[in-house]
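K.L.:
The sequence and its predicted three-dimensional model are supplied below.
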Amino acid sequence: MSDRKDKMELIESFGEHPMPWHHGDEQRQTLIADRATFGAKMEQAAGEPTRTCLTEDIPKAKRCTVIGGCGFLGQHMVEQLLARGYAVNVFDIRQGFDNPRVQFFLGDLCSQQDLYPALKGVSTVFHCASPPPFNNNKELFYRVNYIGTKNVIETCKEAGVQKLILTSSASVIFEGVDIKNGTEDLPYATKPIDYYTETKILQERAVLGAHDPEKNFLTTAIRPHGIFGPRDPQLVPILIEAAKKGKMKFMIGNGKNLVDFTFVENVVHGHILAAEHLSQDTALGGKAFHITNDEPIPFWTFLSRILTGLNYEAPKYHIPYWLAYYLALLVSLLVMVISPVIQLQPTFTPMRVALAGTFHYYSCEKAKKLMGYRPLVTMDDAVDKTVRSFQHLRKVM
């Protein structure tokens, strides 16, 4: 299997944020192309006037593009945007669903030539594409989350986009130790827990640093945590697969650590509110905002509700957090030692232990105050909706 095919399959397997693949140095050279002639070059490269399905009678303020719009979060975002009267373009690596009201643009996120037609004529861009957090490919994360996002910023400017809303992550301030009701003024993690978090920090800094009211280019970042809901290709399917293999009998720690899990519709709601409130006269520009269900729940209680809702047993036995962490650390050290000979990617890592055994929940007060955010769906209703959507995974009793 070719290297490119391997990379493509890796991205395709992650439904939350399917991501156009990126090329190397030649695309980086494109990124710094002469901005004075870029727009003309893009129109010429397209071979025809820029495509758009954006309804002519919809004002530009309600015309948008969702980057990564064929993924888990992206599809929910497209649906809610359409329901609220927006005209929507989607940019992604392939068309993952059909909708006659949506114009699909397929291509490489690091190619301005590919991206420009999808952004021309829209006011707002929602950038919700990223590789899966549990991958260990540092180069992939850097190219996608950082290089790709820099290209998004530059292409937005060239295309006349006024607002860029980034899907970031609350993990940018998490270092594997307890965070209780964390606010946005906490510093970025100096020791990020993984390559995903490391590059999400770079990505968020780039987007917020590009905020330029004088040139009518406004940016903000939304930091969700633990996104779940119908059509989630990761959390529920992986959880049920582990339960089938008998791997969900133990919980790490005492089971009391509170964590934020956020229903996908609430995440989308936060993005749209940010776009609608972002203007030169508001305090949203160049800032990040936590968006959660605002109902912290014990990590193992949440997983247990999903499991029992689908007729699987909840974890019964406890492993002390310190023991689990040091065992995972030992495994990681052994993997590092043998890496010159054998390449392994362990699933039992210190990062996963920290995610499962520590407190990490975040304050939404800033989003409530500045954009009027309130979760649309409660945790109880969100879990019920999610469980009902996965009846095909229910254990037959």
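P.N.:
Perfect, thanks for sending it.
K.L.:
any idea of the mean pLDDT for the helix or strand containing Leu218?
P.N.:
Assessed by DSSP states H and E, Leu218 sits inside strand 218-224. With pLDDT averaged residue by residue, strand 218-224 scores 98.
K.L.:
Adjacent strands (with direction) for it?
P.N.:
Strand pairing for strand 218-224, determined by DSSP bridges: strand 163-167 (parallel), strand 287-291 (parallel).
K.L.:
As TSV, those strands with mean neighbour count, mean pLDDT and distance to Leu81 would be great.
P.N.:
Using the backbone N, CA and C atoms, a C-beta is placed for each residue, glycine as well. Listed next are the strands paired with strand 218-224 as TSV, based on neighbours: other Cβ atoms under 10 Å; pLDDT from 0 to 100; distance: least, Cβ to Cβ, whole Å:
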stretch	mean neighbour count	mean pLDDT	distance to Leu81
strand 163-167	27	99	11
strand 287-291	24	98	16
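K.L.:
So for His76, which of those sits nearest?
P.N.:
His76 lies closest, by Cβ to Cβ, to one member of these: strand 163-167, at 11.6 Å.
K.L.:
How far does the closest one sit from its chain's centre?
P.N.:
12 Å (Cα atoms, centre = their mean, to the nearest Å).
K.L.:
The following helix or strand past it: which residues count as buried?
P.N.:
Next helix or strand after strand 163-167 toward the C-terminus (DSSP H and E): strand 179-182. Neighbour-count burial for strand 179-182, with 16 or more other Cβ atoms under 10 Å as criterion, is recorded at 179, 182.
K.L.:
Ok, stretch 204-224 next?
P.N.:
204-208, 210-211, 217-224.
K.L.:
Taking those residues together, which two end up most distant?
P.N.:
Going by Cβ to Cβ, the pair spanning the buried residues of stretch 204-224 furthest: Phe217 and Pro224, at 23.6 Å.
K.L.:
Could I get the full set of strands for the stretch 251-397 of the chain?
P.N.:
For the stretch 251-397 of the chain, strands defined by DSSP state E, counting those that start in this stretch occupy the ranges 258-259, 262-263, 287-291, 297-298, 317-319, 360-362.
K.L.:
Tabulate the ones you listed in TSV, adding columns for distance to Val341.
P.N.:
Converted to TSV, the strands of the stretch 251-397 of the chain look like this (distance: least, Cβ to Cβ, whole Å):
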stretch	distance to Val341
strand 258-259	37
strand 262-263	41
strand 287-291	42
strand 297-298	41
strand 317-319	30
strand 360-362	36
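K.L.:
so which of the ones you listed comes closest to Thr149?
P.N.:
It's strand 287-291; of the strands of the stretch 251-397 of the chain, that one is closest to Thr149 (Cβ to Cβ) at 14.2 Å.
K.L.:
Other residues contacting the closest one?
P.N.:
168, 170, 172, 182-184, 204, 208, 220-225, 262, 266-267, 269-271, 274, 362-364, 366-367, 370-371, 373 (Cβ atoms under 8 Å, 6 or more residues apart in numbering).
K.L.:
Out of those residues, which end up buried?
P.N.:
168, 170, 172, 182, 184, 204, 208, 220-225, 262, 266-267, 269-271, 274, 362-364, 366-367, 370-371, 373.
K.L.:
shaky segments in the protein?
P.N.:
The chain contains residues with pLDDT under 70 at 1-56.
K.L.:
Could you give the number of residues near Phe84?
P.N.:
Actually, residue 84 is Arg rather than Phe. Using other Cβ atoms under 10 Å, Arg84 is surrounded by 11 other residues.
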